[in-house]
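K.L.:
Build me a model:
(one chain, ligands or ions: 1)
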Amino acid sequence: MSFENTFSLNGKLALVTGGGSGIGFNIAQCLVWAGAEVVITGRRESVLQEAVSLLGDKAHYLVNDVTDLKSIPALIEDIESQIGEIDILVNNAGINMKKHAIEVTDEDFDKVVQTNLHAVFSITREVGKKMIARKRGSIIMITSMAALYGIDRVVAYTASKSAVGGMVNALATEFSPYNVRINAIAPGFIETPMMLTAMNGDPARRDKAMDRTPMGIWGKPDDVGWAAVFLASEAAKFITGVSLPVDGGNSIGF
Ligand code: NDP
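P.N.:
Residues are numbered from 1 along each chain as shown. Next comes the predicted model:
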């Protein structure tokens, strides 16, 4: 197999949740650059329309709120019947909530867990059924450095992302015998609206983030995008159940 064929995603269809903005948009863009057709989802139609216009002819969008769990089977059926068989699933949609743990309400906790964990499970189950039947597929979870170690004031986020890391381990044992690989990418500090909002425009917090990052620089969304291309490609055909930090060394200590 040639170098190009090993990394090429020609002929593949990818679903990227939350693909209209932030890291998800760049994941979708890198997948398209690698040859894939992509379907992006999110709650804001105008954002998705703009993203598709930038991604080009190989991109499609569907408006979907992942927390509407009942909508998920129909979402997957619609994609498969109207666009094509999903070869690559990137569970990227996620929310953060920065609050002291003792101020987090049950509703806050449920909202984060519903988006970052339960919806990820439901989408993976529905796409997993198709992939297992076809005996091929690659599933990528976007977790976080918060899945690897503790971060203050993000208790629900940390709990949800750590649980997705556990889910990768469990599902890899079930799905891998069917040639369906499942891996996670754990991004460090990546410059996106979510991260900049979490930093609250506070230069001291931005400096602290860089103090915690051995490379001393912010990640770009396409650093995550290219890692997704690798994990989705033939180059990673013997890799499953892995969590890949994309974090400038953040997870190795500081
Ligand atoms: P953004 O807030 O910039 O983007 C989040 C995306 O998810 C948006 O496109 C949003 O679209 C979509 N989304 C959120 N909630 C829902 C929902 N209920 N249904 C459907 N789509 C939804 O975040 P990032 O790009 O920074 O984060 C992307 C992923 O990367 C997340 O899982 C995050 O936890 C993870 N991550 C990010 C890091 C960073 O440094 N930025 C670090 C570690 C992990 P819309 O609002 O239109 O629905």
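K.L.:
Of all the residues in the lowest-mean-pLDDT helix or strand in the chain, which ones are buried?
P.N.:
Scoring the helices and strands of the chain by mean pLDDT, DSSP states H and E places helix 193-199 at the bottom, with a mean of 79. Using 16 or more other CB atoms under 10 Å as the test for burial, helix 193-199 gives Met194, Met195, Ala198, Met199. Backbone N, C-alpha and C define where each C-beta goes, glycine included.
K.L.:
Pull the number of nearby residues for the closest residue to the last one other than its chain neighbours.
P.N.:
This points to Met199. Distances taken as CB to CB, 6 or more residues apart in numbering put Arg205 closest to Met199, at 4.9 Å, once the chain neighbours are dropped. Using other CB atoms under 10 Å, Arg205 is surrounded by 12 other residues.
K.L.:
what about the closest residue to Tyr149 other than its chain neighbours, neighbour count?
P.N.:
Nearest residue to Tyr149 in three dimensions, chain neighbours excluded: Ser251, at 7.0 Å (CB to CB, 6+ apart). The number of residues packed near Ser251 is 19, by other CB under 10 Å.
K.L.:
Next up, the contacts around the nearest residue to Tyr178 once chain neighbours are set aside.
P.N.:
Distance criterion CB to CB, 6+ apart; nearest residue to Tyr178, sequence neighbours excluded, is Ile132 at 4.5 Å. The contact partners of Ile132, by CB atoms under 8 Å, 6 or more residues apart in numbering, come to Phe175, Tyr178, Val180.
K.L.:
Tell me where the stretch 51-200 of the chain has strands.
P.N.:
Counting by DSSP state E, counting those that start in this stretch, the stretch 51-200 of the chain has strands at residues 59-63, 88-91, 137-142, 180-187.
K.L.:
As a markdown table, the ones you listed with mean neighbour count would be great.
P.N.:
Listed next are these as a markdown table, based on neighbours: other CB atoms under 10 Å:
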| stretch | mean neighbour count |
| --- | --- |
| strand 59-63 | 19 |
| strand 88-91 | 28 |
| strand 137-142 | 26 |
| strand 180-187 | 24 |
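K.L.:
Low-confidence regions, the protein specifically.
P.N.:
254 (pLDDT under 70).
K.L.:
Next to the ligand in this structure, residues from it, please.
P.N.:
Residues of the chain found near the ligand, taking CB under 6 Å from any ligand atom as the criterion, are 17-18, 20-24, 41-44, 47, 65-67, 92-95, 115, 142, 144, 187, 189-190, 192-195.
K.L.:
Can you show me the helices along the chain?
P.N.:
3-7, 22-33, 45-55, 72-82, 106-113, 119-134, 155-175, 193-199, 203-211, 221-232 (DSSP state H).
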